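**Q** generate coordinates for the sequence data below:
(2 chains)
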Amino acid sequence: MQDIKTIEPKIQQEERQYSYLNLGPTHPATHGIFQNVLKMDGEVIIDAVSTIGYIHRAFEKLAERRPFYQITPITDRMNYCSSPINNIGWHMTVEKLLGVEIPKRVQYLRVIIMELARITDHLVCNAVIGVDTGALTGFVYLFQQREHVYEIYEEICGARLTTNLGRIGGFERDFTPKAWARIDKFIKEFPPVLKEFEKLLVRNRIFMDRTIGVGGISADRALNYSFSGPNLRAAGVDYDVRAMNPYSSYEDFDFIVPVGTNGDTYDRFMVRQEEMWQSLSIIKQAITKLPEGPFHASVPDFYLPPKEEVYNNMESLIYHFKIVMGETDVPKGEVYHSVEGGNGELGFYLISDGGRTPFRLHLRRPCFIYYQAYPEMIKGSMLSDAILTMSSMNVIAGELDA
Amino acid sequence: MELNKEARTIELLKEKFEDQILLIESPYNFLTVTLKADKIIEVIQFIYSNSETQYQYLTTLCGIHYPDQNQIAVMYQLHNLPSNHRIRLKIFLPIENPTTPTLTTIFAAANWLERETYDFYGVIFSGHPNLKRILNVDDMLIFPMRKEFPLEDQRREDKNDALFGR
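**A** Numbers count the residues shown, from 1 in each chain, chains lettered A, B, ... in the order given. As a prediction, this is how the structure comes out:
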């Protein structure tokens, strides 16, 4: 006892010493390539500086040189956990610019695909939160389900991760019976797995201790930082693009916009969890209500004609050639369209000067906007909590860096 | 209802900043107001705090280069979440000296968005706490999104695609 008393005043006299830690750029726990330089006092984070841009691929510049249909593959590579939402968001932006009316069936099919994509996005995020708290089991179970969704994509568009799904105007072909069978199988098999995953984590003492009150942000700060998506809803603001500005017939479906209260990691986890259930319900509604009709809109300038016609019909051949070479002009205009992506409001601000390519395409990437709050959110917390905060914010490097 | 709210915003703006407004339009039903550059922050502060407009959510912010006019535009897009109204504000800056005050005093979200705009267009946001490049390398000398920089090296000879105009 005597010893401690004599030592203590001495420590206070000395200047505080901090250590600096590089978290990233390639750290397995950051799930992507970005660096954070942390100023640490022991294990407590005093300050953080984020460096991003490691996988910047100049999407906005690339888009200025490409015909509209060739921009779809670029959008794949933003939030690659839910690329169909990006693809369809982009198609809808161009359709809005062209003023095309989209058949009801296409809109419903798009809703099904977008909700499947939302499930995979949230599923990856929540599974990874589990991994970062030390629960690998749930991750393995959920990733098997993600595989089943990817098989559905595969049947619809031929690709799995970077989907390039659909076309301007609709889909290149209708869903095959095999695709429907896979969707039915998925909505039957997924709920028990998700339920099991919830049982594993939601009331798990260790998980709750690790996540409640970790990396919280107030609704005011979240709004000031322009948060959107599950991260904003976890803070208690019910802003969902699907509900507020319905696109693609979202107004036809009943769904709840779940909100949290504290904006912490646990709330973000729970909001995503509930959104998966809501997405499932939307998919079921869309399947029951699915109207008959064409699987694409009539946009001959952008939609490739069927191959039989191309080989036998002059008109179709010309269109085919013009479309593939990207020689179709669009109207002049300035249009903003946003969809509810996996991470929040994914916006496309498109200025067209009437040429074959956009004059300017600005991508509102939700990740890029809310990730700047990260240093503020982790100040004063432990290093291991900072990892959890990052994974629960679902920061996707591809979307962050464009 | 929607039109009334937008009309009210225009009315208020005209009342307060009559001399600042250059153009009011609504392409694809999106209220767009082009303003003179000098009082942009006052205008945003006004529509942010006015109880009737309350545009308190910064959706996005970006630069646009118009090489023909030798100008760089900065576009601000704000959202009134409770009543779901959006507004787009635009200012035009001369390319020789594209300087405008920072919006970080009102929106924390403007920080990186302004850095991105600086990085790609060279717009100087005076008063910004940390105005440096964000996505490109620090020692880059150009502002790559300006139209004078082509995507591909135009001097390449192995790819002479005269027909389709690379």
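
**Q** where does chain A dip in pLDDT?
**A** For chain A, residues meeting the criterion pLDDT under 70 lie at A:1-14.

**Q** please enumerate the strands of it.
**A** Along chain A, counting by DSSP state E, strands occupy A:19-23, A:35-41, A:44-51, A:333-340, A:345-352, A:360-364.

**Q** close to chain A: what parts of chain B are there?
**A** Applying CB under 8 Å from any CB of the partner chain, we find that chain B lies next to chain A at B:27-28, B:30, B:32, B:56-60, B:62, B:64-65, B:75, B:77, B:81, B:84, B:86, B:88, B:107-109, B:111-113, B:116, B:120, B:133-137, B:144-145, B:151-152, B:164. Every residue, glycine included, has its C-beta placed from N, CA and C.

**Q** quick one: contacts of the helix or strand hosting B:L12?
**A** Using DSSP states H and E, B:L12 sits in helix B:2-17. Outside helix B:2-17, the residues that touch it by CB atoms under 8 Å, 6 or more residues apart in numbering or on different chains are B:21, B:24, B:26, B:31, B:33, B:35, B:39, B:42-43, B:46-47, B:50, B:52-53, B:83, B:85, B:87.

**Q** and the residues you listed, which are buried?
**A** B:I21, B:L31, B:V33, B:L35, B:K39, B:V43, B:F46, B:I47, B:T53, B:H85, B:I87 (16 or more other CB atoms under 10 Å in any protein chain shown).

**Q** spatially nearest residue to the most centrally placed residue in chain A (excluding sequence neighbours)?
**A** Geometric centre of chain A, nearest residue: A:G342, 2.7 Å, by CA atoms, centre = their mean. Counting by CB to CB, 6 or more residues apart in numbering or on different chains, A:G342 lies nearest to A:D121, which is 3.1 Å off, once chain neighbours are set aside.

**Q** contacts only, for the one you found.
**A** The neighbourhood of A:D121, defined by CB under 8 Å, 6+ apart, consists of A:N79, A:C81, A:S82, A:I85, A:G341, A:G342, A:N343, A:N394.

**Q** quick revisit: now, the most widely separated pair of the buried ones among the contacts of helix B:2-17?
**A** The two members of the buried ones among the contacts of helix B:2-17 with the most space between them (CB to CB) are B:K39 and B:H85, at 21.7 Å.

**Q** break chain A into its domains for me.
**A** Here the domain parsing of chain A from automatic domain parsing is A:2-51, A:59-401.

**Q** what does stretch B:29-47 rub up against?
**A** By CB under 8 Å, 6+ apart, the list of residues contacting stretch B:29-47 reads A:334-336, B:6, B:9-10, B:12-13, B:16-17, B:19-26, B:53-55, B:74, B:76, B:78, B:85-93, B:100-103, B:105-106.

**Q** enumerate the residues of the stretch 251-400 of chain A near chain B.
**A** Contact residues (CB under 8 Å from any CB) of the stretch 251-400 of chain A with chain B: A:325, A:327, A:333-336, A:338, A:345, A:347, A:349, A:351, A:359-360, A:362, A:364, A:368-369, A:371-373.
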